[in-house]
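Q: just coords:
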């Protein structure tokens, strides 16, 4: 099954300030603010929703097609993804801009000062999916994740025009989109992915009820945080799957991306929605246990053992026939 994953590709530059920002702010002088903070450390992490989802899919043996726009500074990141099984052959490299970057400093009170540089991501609107489809012999499914808004609309329209089945996954961009744009991103999707808050925001901004949203998409997948996930399909009983137990909680960043990667892997293997959600839940747990969205490592035996502990023998047996990892 050929699955293209479109969306952001970025790096996160995370710094820690040992003091309090508030101690350096003079309320009466905020219109003249000019400050710098000496930070303790710097962590540079690979990120972006499309890259994170693709990394998760590749981790269980698939070769997803990553689609997005980056800068010339992407070479090291590309090498990392290539080594881990992601097809980066259709990533657009900008001649003028750097790869998107999130720069954030966090103080001891967990207050944050951050900037997001979209950079090359704005050129994603220039990407056409048809050449990729021709190169790989057709696209079975296209995930349209958070990205340059015009790129998301272009990819969605092209999928409808060319008959490519697609996943609507607007996530962070919902807050900045109006109702008309959201309706255009969602209508006709084979799958709609949101978290619980995003589901409510979709309904509020489009003016559609929950039933009306389901009527314009094939299947609605709503993550519920610690309560797991709910899957609704037209004419089918609602499916609910819980979360897999984590060994520790290190960092929740990228958990939703890993879930999506696992769910798509299950779809690629022809498994039931319940199995897809269980695979996604297990991958999400690996992410929450590590710092960084692509720093977890899977082993074949370890993944199946944890899946069995979380969901039972039959799910593990169903997945074992398909699972491929870099390590036994």
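A: Happy to help now that I have it. Nothing here was measured: the structure is a model prediction, and the numbers come from that model.

Q: element containing residue 189, please.
A: For residue 189, there is no helix or strand it lies in under DSSP states H and E.

Q: and it, how far is that from residue 212?
A: 14 Å (CB to CB, to the nearest Å). The way it works is simple: take the backbone N, C-alpha and C, and place the C-beta from them, glycine included.

Q: ok, these two, which is more surrounded?
A: residue 189 (24 against 11; other CB atoms under 10 Å).

Q: just give the closest residue to the more buried one, not the sequence neighbours.
A: Counting by CB to CB, 6 or more residues apart in numbering, residue 168 is the residue found nearest to residue 189 once chain neighbours are left out, at 3.8 Å.

Q: given the helix or strand hosting that neighbour, what are its sheet partners and their directions?
A: Under the criterion DSSP H and E, the helix or strand holding residue 168 is strand 166-169. Neighbouring strands of strand 166-169 in its sheet, by DSSP bridges, are strand 141-145 (parallel), strand 191-195 (parallel).

Q: give me the contact list for it.
A: Here strand 166-169 makes contact (CB atoms under 8 Å, 6 or more residues apart in numbering) with 7, 49, 141-146, 155-156, 159-160, 185-186, 188-194, 217, 260, 264.

Q: what's next to the helix or strand just after that strand, contact-wise?
A: Next helix or strand after strand 166-169 toward the C-terminus (DSSP H and E): helix 179-186. With CB under 8 Å, 6+ apart as the test, helix 179-186 has contacts from 144, 149, 152-153, 156-157, 168, 170, 174, 177, 192, 202, 205-208, 213, 216-217.

Q: what is the helix or strand where residue 79 lies packed up against?
A: In this assignment (DSSP H and E), residue 79 forms part of helix 75-83. Packing partners of helix 75-83 (3 or more CB pairs under 8 Å, 6 or more residues apart in numbering; DSSP states H and E): helix 49-59.

Q: pLDDT of the helix it packs on, averaged?
A: Confidence for helix 49-59, expressed as mean pLDDT, is 97.

Q: now it, how far from the centre of its chain.
A: 7 Å (CA atoms, centre = their mean, to the nearest Å).

Q: got the buried residues for that helix?
A: Residues 49-59 are the ones in helix 49-59 that count as buried (16 or more other CB atoms under 10 Å).

Q: same check on stretch 237-257?
A: Neighbour-count burial for stretch 237-257 [16+ other CB under 10 Å]: 239, 241, 243-244, 251, 253-257.

Q: lowest-confidence entry in these?
A: residue 251 (80).

Q: quick one, strands of the stretch 151-300 of the chain?
A: For the stretch 151-300 of the chain, strands defined by DSSP state E, counting those that start in this stretch occupy the ranges 166-169, 191-195, 219-223, 229-233, 239-241.

Q: which regions of the stretch 1-150 of the chain sit below the pLDDT cut-off?
A: Within the stretch 1-150 of the chain, not a single segment meets pLDDT under 70.

Q: still on that earlier bit, deepest of the strands of the stretch 151-300 of the chain, which one?
A: strand 166-169 (a mean of 26; mean count of other CB atoms under 10 Å).

Q: the top helix by length along the chain packs against which elements?
A: The single longest helix within the chain, with elements called by DSSP state H, is helix 273-288. Contacts defined by 3+ CB pairs under 8 Å, 6+ apart place helix 273-288 against helix 49-59, strand 229-233, strand 239-241, helix 255-268, helix 300-311, helix 313-320.

Q: what mean pLDDT does that helix get?
A: Here the average pLDDT along helix 273-288 is 97.

Q: okay but residue 80 is in contact with residue 45, surely?
A: No. Applying CB atoms under 8 Å as the test, residue 80 and residue 45 come out as separate, 11.3 Å apart.

Q: ok, these two, which is more surrounded?
A: The neighbour count for residue 80 versus residue 45, taken as other CB under 10 Å, is higher for residue 45 (18 against 15).

Q: off-centre distance for the helix or strand harbouring the more buried one?
A: Taking DSSP H and E as the criterion, residue 45 maps to strand 41-47. Between the centre of strand 41-47 and the centre of its chain there are 18 Å (CA atoms, centre = their mean).

Q: that strand pairs with which strands?
A: Assessed with DSSP bridges, strand 41-47 is paired to strand 10-16 (antiparallel).
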